[in-house]
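Asker: For reference, the sequence and a predicted model appear below.
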Amino acid sequence: MDSSILLTIVLLPLIAAAMAGLFGRFIGRAGAHWITCSAVGAAFLLSCLALKQLVVDGVPVFNEALYTWLVSDGIRIEVGFLVDKLTALMMVVVTFVSFCVHVYTIGYMKDDPGYQRFFSYISLFTFSMLMLVMANNFLQLFFGWEAVGVVSYLLIGFWYTRPSAIFANLKAFLVNRIGDFGFILGIAAVVYYTGSLDYGQVFSQAPVLEGRTIEVFEGVPWSAMTLICICLFIGAMGKSAQMPLHVWLPDSMEGPTPISALIHAATMVTAGIFMLARMSPLFEYSETALSMVLIVGATTAFFTGLMGLVNNDIKRVVAYSTLSQLGYMTVACGASAYGIGIFHLMTHAFFKALLFLAAGSVIIAMHHQQDMRKMGGLRKYMPITYWTCLLGALALIGTPGFSGFFSKDALIEAVHASDTAGATYAYYCVLLGVFVTALYTFRMIFMTFHGPERFADEAAAHGHDDHGHGHGGKPHESPWVVWLPLVLLAIPSVLIGWFTIEPVVFGEFFSTAISVTEAHDVVGELAHHWHGPLAFIAHAAQGWALYLAAAGVATAWLMYVKYPHWPAAVQARLGWAHKLLVNKYYFDWFNEKIIAPLTRSVGWTLWKGGDQLLIDGLLVNGSARSVGWIAGIVRHVQSGYLYHYAFAMIIGLSALLAWLLLRS
């Protein structure tokens, strides 16, 4: 594989971002979107070429350092690429979804004054994610890790005149700093125990590290491998929004819809899942870390999905769906089914980007109204958006034959077969999550596209008409630059599972990229019962998942189409549960009322007591004042009279002689 191709894939989005950002005033709006769309499109085609070379042509895995930055104490800090099938698959997914988002942005952001700046940011986002997935060492991984965090901060707060956007991007930044602190501790531990940052060298020492211990607390030995893996997973909890570090992701909806699709489908939040799969040679040697991954992922999958049942913002419902599906992917990694986790990441990227962009199309038609209670009946006004969104919804709930069915059902079967501690709890969480997913997904479909046209009532209530007041007039289908990406994403959302499940999940696709010990090989057990996609669909009729999904859809239809008064009755009976979910399990309340005042108090104490009193007052200014005081006394000794100095010498000599005589 030619390194120049890989460099081109990475550098094209970076160059396009620089041109749109630095020269946007000169190249104009058209220049900004043509340059960035062309660059990301070319990167997608070259990524497909790289995947073809690995899968079809049998080209060896590329693992080389391209540039050595420095060597310190034998540790080489390099820029290099590791491009195996795991990396190539991620490259294709990232660039394809990014290209669709770039094209969609032309229509969605057409009237925004920050048009060129937005294209610069999303292209830079693509570069950052590519650097992350293509890294062959921990330092470059950390560079990409932090870069996607910085760009997400810029994009979530893109509309920086809105206080809510500034709060949301600051919240994302701070929560991710917590995760990143654990992540960098994990990398430091890797360097401490292996003396290297290179993946290959670190992974080769994994069996040796299994027996080493460290005393975090004196007299309490911990497994060094467990400590490393838990620290790395804390980083993944921040990036991939696992409980309790999930609180930033719903608020990220303050950014424009295209970036919501990019963050939630193919870039930032998938970085943690990719990292878990890449670090499989380490995690396989720590049962404790795998159990933690399994339990945290299962808790996130079920409990964050419940919050989607009570939210009325169309984008936030899809955001809670992302939280839940990220939990599913994490569960797969905890069950050592890393390949299935990546497979679900791939299928999810397509249908989740589709759902976000479809939500954005609805928001355009509704004049940036996002409350589903003020929609309804949009199916006849927006047929392309409706049908593509419906296909994405069917894929999300795991309808047989759709891409989400193959990945989600394989994931549930893998968790069921796992013997890792916590697997039983995880199995019931992901199984019940199927019902919850179907319920909130089709609640969104029915409230938005079916039922009475509540937007007409809303317009009449506010006295709007058809004369351009923003709420009046009939909705209509979005322009082609908006609906074309929906169609492009709908195709893999329906079909990709048929062609990829056998090689990616049950074949040898990840054989050189992912390591699984024999004791944890649940996918190998499932492979013995694999007889093709059709047999897999037939097998689904024997399990609970299919019927739970159907029950979720039926419940949504009864509550939001047939008997629309039921939700209010259920809310009245289960007011405590509704309040708990509306308040997001009080995580935000706890952070804002307990953690924030506590940290402010600690910060104020350290500032006043530590910085101003101790450091500035005592050490810096205090030492200066002490020197001045002593000097003020000592300078009186310098009188300038010779007899004063002679007298002082005689007194000193007498004292010295007296001391010597006393000693003798």
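Answerer: Right, received. Where do you want to start? Numbers count the residues shown, from 1 in each chain.
Asker: contacts for the strand or helix carrying E525?
Answerer: Using DSSP states H and E, E525 maps to helix 522-527. Applying Cβ atoms under 8 Å, 6 or more residues apart in numbering, the external contacts of helix 522-527 come out as 335-337, 339-340, 410, 413-414, 417-418, 505-506, 516. C-beta: built from backbone N, CA, C; applies to glycine.
Asker: could you redo the last one with a cut-off of 7 Å?
Answerer: By Cβ atoms under 7 Å, 6 or more residues apart in numbering, the residues outside helix 522-527 that reach it are A335, S336, A337, G339, I340, E413, A414, A417, S418, V505, F506.
Asker: Just the closest of those residues to S639, please.
Answerer: Closest approach between the contacts of helix 522-527 and S639, by Cβ to Cβ: S336, at 85.3 Å.
Asker: Could you look up the next helix or strand downstream of whichever strand or helix holds G31?
Answerer: Secondary structure assignment for G31, by DSSP H and E: helix 24-55. Counting by DSSP H and E, the next helix or strand C-terminal to helix 24-55 is strand 62-72.
Asker: What angle do helix 24-55 and that next one make with each other?
Answerer: 120 degrees (axes from the mean of the first three to the mean of the last three Cα atoms, to 10 degrees).
Asker: Show me which residues of strand 62-72 are buried.
Answerer: For strand 62-72, burial by neighbour count (16 or more other Cβ atoms under 10 Å) applies to F62, N63, A65.
Asker: picking up where we left off before, next, the buried residues of the helix holding G31.
Answerer: Neighbour counts over helix 24-55 (16+ other Cβ under 10 Å) mark 24, 27, 29, 31-37, 39-44, 46-47, 49-51, 53-54 as buried.
Asker: gap between that helix and the chain center?
Answerer: 23 Å (Cα atoms, centre = their mean, to the nearest Å).
Asker: Average pLDDT for that helix, rounded please.
Answerer: Average pLDDT, helix 24-55: 92.
Asker: Adjust the sequence numbering to begin at 29 for everything that follows.
Answerer: Sure, I'll start numbering at 29, so the last one becomes helix 52-83.
Asker: I'd like to know which elements it is packed against.
Answerer: For helix 52-83, the packing partners by 3 or more Cβ pairs under 7 Å, 6 or more residues apart in numbering; DSSP states H and E come out as helix 31-50, helix 113-136, helix 143-162.
Asker: what's the following helix or strand after whatever helix or strand M357 lives in?
Answerer: Counting by DSSP H and E, the element that carries M357 is helix 342-362. Sequence order places helix 366-393 as the next helix or strand after helix 342-362, per DSSP H and E.
Asker: ok and that next one relative to helix 113-136, angle-wise?
Answerer: On the basis of the same axes, to 10 degrees, helix 366-393 is oriented at 0 degrees to helix 113-136.
Asker: what comes up buried for whatever helix or strand comes next after helix 366-393?
Answerer: Sequence-wise, the next helix or strand downstream of helix 366-393 (DSSP H and E) is helix 411-424. Using 16+ other Cβ under 10 Å as the test for burial, helix 411-424 gives 412-424.
Asker: cool, and stretch 592-607?
Answerer: By neighbour count on 16+ other Cβ under 10 Å, the buried set for stretch 592-607 is P595, H606.
Asker: how about that stretch as PDB, C-alpha atoms only?
Answerer: Only the C-alpha atoms of stretch 592-607 are listed here, as PDB (Å, rounded to 0.1, in the frame of the first residue of the first chain):
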ATOM      1  CA  PRO A 592     -53.500   9.900  21.600                       C
ATOM      2  CA  HIS A 593     -55.000  10.600  25.100                       C
ATOM      3  CA  TRP A 594     -53.200   7.600  26.600                       C
ATOM      4  CA  PRO A 595     -49.800   9.300  27.100                       C
ATOM      5  CA  ALA A 596     -51.400  11.900  29.400                       C
ATOM      6  CA  ALA A 597     -53.100   9.100  31.400                       C
ATOM      7  CA  VAL A 598     -49.900   7.100  31.700                       C
ATOM      8  CA  GLN A 599     -48.000  10.200  32.800                       C
ATOM      9  CA  ALA A 600     -50.700  10.900  35.400                       C
ATOM     10  CA  ARG A 601     -50.300   7.400  36.800                       C
ATOM     11  CA  LEU A 602     -46.500   7.300  36.600                       C
ATOM     12  CA  GLY A 603     -45.800  10.900  37.400                       C
ATOM     13  CA  TRP A 604     -42.700  10.000  39.500                       C
ATOM     14  CA  ALA A 605     -41.100   8.000  36.700                       C
ATOM     15  CA  HIS A 606     -41.900  10.700  34.200                       C
ATOM     16  CA  LYS A 607     -40.400  13.300  36.500                       C
END
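Asker: How far off centre is that stretch?
Answerer: Chain-centre distance of stretch 592-607: 32 Å, with Cα atoms, centre = their mean.
Asker: Stretch 212-231 too?
Answerer: 23 Å.
Asker: ok, and what's touching it?
Answerer: If you take Cβ under 7 Å, 6+ apart as the criterion, stretch 212-231 is touched by 91, 102-103, 105, 110, 164-167, 170, 233, 237, 240, 252, 255-256, 259-260, 263, 309.
Asker: Which of those residues fall in strands?
Answerer: Filtering these for membership in strands, criterion DSSP state E, returns N91, I103, I105, L110.
Asker: I'd like to know which of these are buried.
Answerer: If we count by 16+ other Cβ under 10 Å, the ones in strands among the contacts of stretch 212-231 have these buried: N91, I105, L110.
Asker: quick one: low-confidence ranges for this protein?
Answerer: 484-501 (pLDDT under 70).
Asker: Geometric centre of it: which residue is closest?
Answerer: By Cα atoms, centre = their mean, the chain has its centre lying nearest to V297, at 1.8 Å.
Asker: Contacts for whichever strand or helix holds it, please.
Answerer: Under the criterion of DSSP H and E, V297 resides in helix 296-306. Residues from elsewhere that reach helix 296-306, judged by Cβ under 7 Å, 6+ apart: 114, 118, 160-161, 173, 176, 180, 260, 264, 267-269, 277, 291, 311, 321, 350, 354, 357-358, 361, 366, 369-370, 373, 377, 542.
Asker: change it to 6 Å
Answerer: With Cβ atoms under 6 Å, 6 or more residues apart in numbering as the test, helix 296-306 has contacts from 118, 160-161, 176, 180, 264, 267-269, 354, 357, 361, 366, 369-370, 373, 542.
Asker: go on, stretch 261-277?
Answerer: 199-200, 203-204, 207-208, 210-211, 297, 299-301, 303-304, 321, 324, 327-328, 351, 354, 358, 615.
Asker: Same question for stretch 244-259.
Answerer: Contacts for stretch 244-259 (Cβ under 6 Å, 6+ apart): 210, 213-214, 217-218, 221, 237-238, 240-243, 310-311, 313-314, 316-317.
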